[in-house]
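1. With the sequence up front, the predicted model follows.
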Amino acid sequence: MTHADPAPADAALHHAVSAFLFREARLLDDREWDPWLECYAPDARYWMPAWTDDDRLTQDPLSEMSLIFYASRQGLEDRVYRLRTQLSSASSPQPRTCHMIANVEVISQRSGEVDVRYNWHTLSHRMQVTDQFFGTTHCTIDTAHPGFRIAAKTVILKDDYISQVIDIYHV
């Protein structure tokens with residue numbers, strides 16, 4: 001192996017982090033928007049970088065193309081408002097989704113925070129068509145907050161040649 005593996009997380013922490021991520025995915029599937037938003041810290045950054053023509057991910061959401069970028073939870077709250085009020089024609093009717101999460105790894109730990117990496121696969125059914133999306137997510141979770149909260153989330157969409165608009169409920 002050419003790189004050092006991160007120190008293994010204790011089983012209880014890994015279980016708690018995995019349960020938190022599974023719950024966040026379920027809340028998206030069930031369209032329970034308020035509890036889903038509560039999974040995010042007020043200053044949480046949510047970013048889905050784009051792929052460049054050179055098959056590299058963009059590095060700076062402020063100066064390069066992103067598929068989704070919200071600098072704080074306020075952006076997610078605005079998006080949820082548009083979904084709830086049907087002000088988003090691209091999301092009306094809303095799809096039925098099924099999120100699957102696998103390969104959850106605690107990459108590093110600090111006082112009150114953990115960095116996590118996991119793979120995901122989402123099925124989305126809307127207007128008699130089923131689409132699928134998959135990728136990897138890196139996030140920092142505030143473990144000092146009761147029940148945990150996401151402090152930062154970077155979603156890497158691996159199948160970025162898609163036939164529709166990508167949205168928060170797809171990933």
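-> On my side now, so go ahead.

2. so where do the strands sit in the chain?
-> Secondary structure of the chain by DSSP state E: the strands cover 40-49, 66-70, 96-110, 113-126, 129-142, 149-157.

3. packing partners for the last one?
-> Taking 3 or more C-beta pairs under 8 Å, 6 or more residues apart in numbering; DSSP states H and E as contact, the helices and strands that strand 149-157 lies on are strand 40-49, strand 129-142. Quick note: C-beta positions are derived from backbone N, CA and C, even for glycine.

4. Run through the protein and note the low-pLDDT ranges.
-> Along the chain, the parts satisfying pLDDT under 70 run over 1-9, 87-92.

5. can you redo the helices and strands packed on strand 149-157 as JSON lines with mean neighbour count?
-> As requested, those are exported to JSON lines (neighbours: other C-beta atoms under 10 Å):
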{"stretch": "strand 40-49", "mean neighbour count": "19"}
{"stretch": "strand 129-142", "mean neighbour count": "17"}
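
6. With distance to D160 added, can I get the ones you listed in TSV?
-> Shown next, in TSV, are these (distance: least, C-beta to C-beta, whole Å):
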stretch	distance to D160
strand 40-49	9
strand 129-142	9
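
7. what would the strands of the chain look like in CSV with distance to D55?
-> Shown next, in CSV, are the strands of the chain (distance: least, C-beta to C-beta, whole Å):
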stretch, distance to D55
strand 40-49, 12
strand 66-70, 15
strand 96-110, 22
strand 113-126, 19
strand 129-142, 15
strand 149-157, 12
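
8. quick one: which of the ones you listed is nearest T58?
-> strand 40-49 (4.4 Å; C-beta to C-beta).

9. Sheet partners, orientation included, of the closest one?
-> If you go by DSSP bridges, strand 40-49 pairs up with strand 66-70 (antiparallel), strand 149-157 (parallel).

10. Of those, flag the one that's most buried.
-> Highest mean neighbour count among those (mean count of other C-beta atoms under 10 Å): strand 149-157, with a mean of 20.
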